[in-house]
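Trainee: What follows is a predicted protein model with its sequence.
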Amino acid sequence: MSAQPESVATGADNPPITSKSQLVEYLAAGCKPRSNWRIGTEHEKFAFNTRDLRPLPYDGEAGIGALLEGLSDRFGWQKICEGSNPVALTKDGCSITLEPGGQFELSGAPLENIHQTCDEVHTHLAQVKEVAEPLGVHMLGVGFQPKWGRSDISWMPKGRYKIMGSYMPKKGNLGLDMMLRTCTVQVNLDFESEADMVKKFRTSLALQPIATALFANSPFTDGKPNGFLSYRSHIWTDTDPDRCGVPSFVFDEDMSFERYVDYVLDVPMYFIYRNGTYVDVSGQSFRDFMAGNLPGRKGELPTMGDWADHLTTLFPEVRLKKFIEMRGADGGPWRSLCGLPALWVGLLYDQETLDAAWDMVKNWTMEDHDYLRAEVPRQALATPFQNSSVREVAQQMVALAEQGLRHRNRLDSSLLDETHFVAPLKKVAESGKTPADEQLEQFHGEWGGRIDPLFEQYAY
């Protein structure tokens, strides 16, 4: 798996696409022996000015650009620019990238265990704090911007975001909120074979709403409760039906790399990247592109770099590249940045546990999946489900993850295994109280109906 920011291959590594089989082979090339499986964690957070709590613009002495420059100067991160603007940093297999509204994202290196993941998170947050504090800047770990509206947020100077921002309102009502006002934590995991990919995809897709419930952390909009516990998750239901949601074919008997390729080919494109510039081809067909019939570019064929880029523009709850991405969780506090990868590694990287997790969900119907996707953002663990509740399913899910981590037996220097990383999730599942529930209690209690205290109490 790669932690590099959006880019395309070049030269011999970027051949033209002449057949669908190349696209299938591209995904199948992700198959790895178990000994080479790795863990790639990505997490986003909101940068804000401590003086007035406002989101940072790109420019200025205390802007996003200044943070990137500071990290590069002080810690040796290599800058990646669009024009003269640094828009990403890379170092030691990691990258720091910017979401459209300046959300600050670490895409971690492919690591062997959760101990390393947590060390990586700690180092990153310490570096960011060292650069940000003198500028009067802090970072907030929640799933949705709790105070400021779209008009208060500056767009980052990245060409792909201008194209996506123009196209989003044509497909849904909340796409711009997704781009500007959401943060997530996700983990990217490997597979051994096509059959292993299918089992992991089905199991994780079924359980993604349960993870959404455990990590629910976005109950406020414009300074007030919004009626949801994971508003970030709800936003994806009204962003773009072509590229979001629960792809039902994953549960069909003939699910395969090729089925996923067919799905991706039917999703309209956003852009292609040529000569250092993003070119707007929004709404056009990749199939037409493969036939040399892309409007305005007659006879031109796509490259594997175009395919890699197109894969990044789909947003299902679980996404396939040369690895599998778990996409259901709100951004949150430090413990959740270690807990999310621990949850999925425990479930998917131990065969006995993966089999048990699949047994738990294999009889769920498509109606069950759609129901959970629709209801969990509002009710989280309290969502009624199959004569019980999502909370009870979450308890089973966390217990299985703990079992899987125990079986892995990956020890740190103190001879601790990875199970303690799911302890905060165990507490959430047993209590039924998500981070969002805790914040709402404080809002109606000690915060006195004010949102500003959240920025202090939930900052890194």
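Mentor: It's in. Numbering: from 1, shown residues only.

Trainee: Output the contacting helices and strands for the top strand by length along the chain.
Mentor: Longest strand in the chain, counting residues (DSSP state E): strand 39-49. Judged by 3 or more C-beta pairs under 8 Å, 6 or more residues apart in numbering; DSSP states H and E, the packing partners of strand 39-49 are strand 104-107, helix 114-132, strand 137-140, strand 184-189, helix 334-348. No exception for glycine: its C-beta is placed from N, CA and C like everyone else's.

Trainee: Run through the strands of the stretch 101-250 of the chain in chain order.
Mentor: Ranges of strands within the stretch 101-250 of the chain are 104-107, 137-140, 184-189, 220-221, 224-225, 244-245, based on DSSP state E, counting those that start in this stretch.

Trainee: Pairing partners for the longest one, with directions?
Mentor: Put plainly, it is strand 184-189. strand 39-49 (antiparallel), strand 324-330 (antiparallel) (DSSP bridges).

Trainee: Equivalent analysis for the last one, please.
Mentor: According to DSSP bridges, strand 244-245 has the following sheet partners: strand 315-316 (parallel).

Trainee: what mean pLDDT does the strand it pairs with have?
Mentor: Mean pLDDT, computed over strand 315-316, is 98.

Trainee: And stretch 129-139, by the same measure?
Mentor: Stretch 129-139 shows a mean pLDDT of 98.

Trainee: buried set for that stretch?
Mentor: Within stretch 129-139, the residues that count as buried by 16 or more other C-beta atoms under 10 Å are Val131, Ala132, Leu135, Val137, His138, Met139.

Trainee: what do you get for stretch 19-38?
Mentor: Buried, per 16+ other C-beta under 10 Å, within stretch 19-38: Leu23, Val24, Tyr26, Leu27, Ala28, Gly30, Cys31, Lys32, Trp37, Arg38.

Trainee: for stretch 417-426, which positions count as buried?
Mentor: In stretch 417-426, counting by 16+ other C-beta under 10 Å, buried: Asp417, Glu418, Thr419, His420, Phe421, Val422, Pro424, Leu425, Lys426.

Trainee: do stretch 234-252 as well
Mentor: So for stretch 234-252, counting by 16+ other C-beta under 10 Å, buried means His234, Ile235, Trp236, Thr239, Asp240, Arg243, Cys244, Gly245, Val246, Pro247, Val250, Phe251.

Trainee: Can you flag which of those residues belong to helices?
Mentor: Counted as lying in helices by DSSP state H, out of these, are His234, Ile235.

Trainee: which residues touch the closest residue to Ile235 other than its chain neighbours?
Mentor: Sequence neighbours aside, Leu174 is the residue nearest to Ile235 in space, at 4.5 Å (criterion: C-beta to C-beta, 6 or more residues apart in numbering). Going by C-beta atoms under 8 Å, 6 or more residues apart in numbering, Leu174 touches His234, Ile235, Thr237, Asp238, Thr239.

Trainee: Likewise for Ser151?
Mentor: Neighbours of Ser151 in contact, by C-beta under 8 Å, 6+ apart: none.

Trainee: now it: how far from Phe385?
Mentor: Ser151 sits 38 Å away from Phe385, going by C-beta to C-beta, to the nearest Å.

Trainee: With Gln351 instead?
Mentor: Gln351 is 27 Å from Phe385, by C-beta to C-beta.

Trainee: Neighbour count: those two, which is higher?
Mentor: Neighbour comparison, Gln351 and Phe385: the larger count goes to Phe385, with 19 against 14 (by other C-beta atoms under 10 Å).

Trainee: May I ask you to confirm that that one is in contact with Val393?
Mentor: Yes - using C-beta atoms under 8 Å, Phe385 is in contact with Val393, at 6.5 Å.

Trainee: Do a quick rundown of the strands in the stretch 301-450 of the chain.
Mentor: 315-316, 318-320, 324-330, 384-385, 388-389.

Trainee: Longest helix in this structure, by number of residues?
Mentor: helix 194-214.

Trainee: report the angle between the axes of that one and helix 334-348?
Mentor: 150 degrees (axes from the mean of the first three to the mean of the last three C-alpha atoms, to 10 degrees).

Trainee: In this structure Arg34 contacts Ser193, no?
Mentor: No - Arg34 is beyond contact range of Ser193, at 10.4 Å (criterion: C-beta under 8 Å).

Trainee: Backbone dihedrals for the residue nearest to Leu320 when sequence neighbours are not counted, please?
Mentor: Take Leu320 and drop its neighbours on the chain: the residue closest to it by C-beta to C-beta, 6+ apart is Tyr260, 5.2 Å away. For Tyr260, the backbone dihedrals (degrees, to the nearest 10) come out as phi -70, psi -40.

Trainee: Tell me the predicted confidence for Tyr260.
Mentor: 98.

Trainee: just the one 5 residues further on next, same as before
Mentor: On the pLDDT scale, Leu265 is placed at 97.

Trainee: what's the distance between it and Met290?
Mentor: The spacing between Leu265 and Met290, counted by C-beta to C-beta, is 8 Å.

Trainee: what sits in contact with each of these two?
Mentor: Joint contacts of Leu265 and Met290 (C-beta under 8 Å, 6+ apart) are Lys20.

Trainee: quick one, which of the two is more surrounded?
Mentor: Met290 (21 against 16).

Trainee: what's the spacing between the more buried one and Ile64?
Mentor: According to C-beta to C-beta, Met290 and Ile64 sit 37 Å apart.

Trainee: What of Cys94?
Mentor: Relative to Ile64, and taking C-beta to C-beta, Cys94 is found at 18 Å.

Trainee: Looking at these two, which one has more neighbours?
Mentor: More crowded of Cys94 and Ile64, by other C-beta under 10 Å: Ile64, with 26 against 20.
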